[in-house]
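> sequence-free structure coming up:
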């Protein structure tokens with residue numbers, strides 16, 4: 001997935017810092033979107049995935065106008081509805097911007113939504 005950094009993607013705009021470069025929360029959102037796409041082949045009808053853990057190192061700043069390519073590949077360990085994806089972000093010059101892992105869980109969409117709508121579901 002390719003992205004171009006805009007003013008709306010900066011640390012200043014999203015409130016995660018005071019410099020006009022790609023914000024870590026925005027970068028992680030792009031990485032999570034890549035995992036959602038990659039997880040589609042692991043779900044059946046009526047299922048979806050939800051994020052459960054993010055381990056990302058943001059290594060290099062990307063200015064407004066910079067391009068970032070984000071990828072997510074399933075790791076070798078796919079166990080019982082738990083998926084781990086190796087994520088990477090590379091800038092337009094081929095330099096590594098970020099790397100890490102994001103975990104997702106396969107869930108039944110309707111049951112998941114029913115639990116979130118039921119206040120007793122938190123117990």
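Thanks, I have the structure now. Computed from a predicted model, the values in this text were never measured in an experiment.
> isn't there a helix covering residue 55?
No. Counting by DSSP: H, G, I helix; E, B strand; the rest coil, one finds residue 55 to be strand, located in no helix.
> Quick check: it touching residue 99?
No. With contact defined as CB atoms under 8 Å, residue 55 and residue 99 do not form a contacting pair (9.6 Å). (Glycine included, C-beta is placed from N, CA and C.)
> So those two - more neighbours on which side?
A count of neighbours by other CB atoms under 10 Å puts residue 99 above the other of residue 55 and residue 99, at 16 against 11.
> wait, doesn't the more buried one sit right on residue 59?
Yes. Under the criterion of CB under 8 Å, residue 99 makes contact with residue 59 at 7.1 Å.
> hang on, isn't residue 62 packed against residue 98?
No. Under the criterion of CB under 8 Å, residue 62 makes no contact with residue 98, lying 9.4 Å away.
> Need the residues touching each of the two.
Overlap of the contact sets of residue 62 and residue 98 (by CB atoms under 8 Å, 6 or more residues apart in numbering) is empty.
> can you map out the helices along this structure?
Remark: helices assigned in the chain by DSSP state H are 11-14, 24-39, 109-117.
> tell me what the second one is packed against?
Judged by 3 or more CB pairs under 8 Å, 6 or more residues apart in numbering; DSSP states H and E, the packing partners of helix 24-39 are helix 11-14, strand 47-58, strand 67-79, strand 82-91, strand 96-108.
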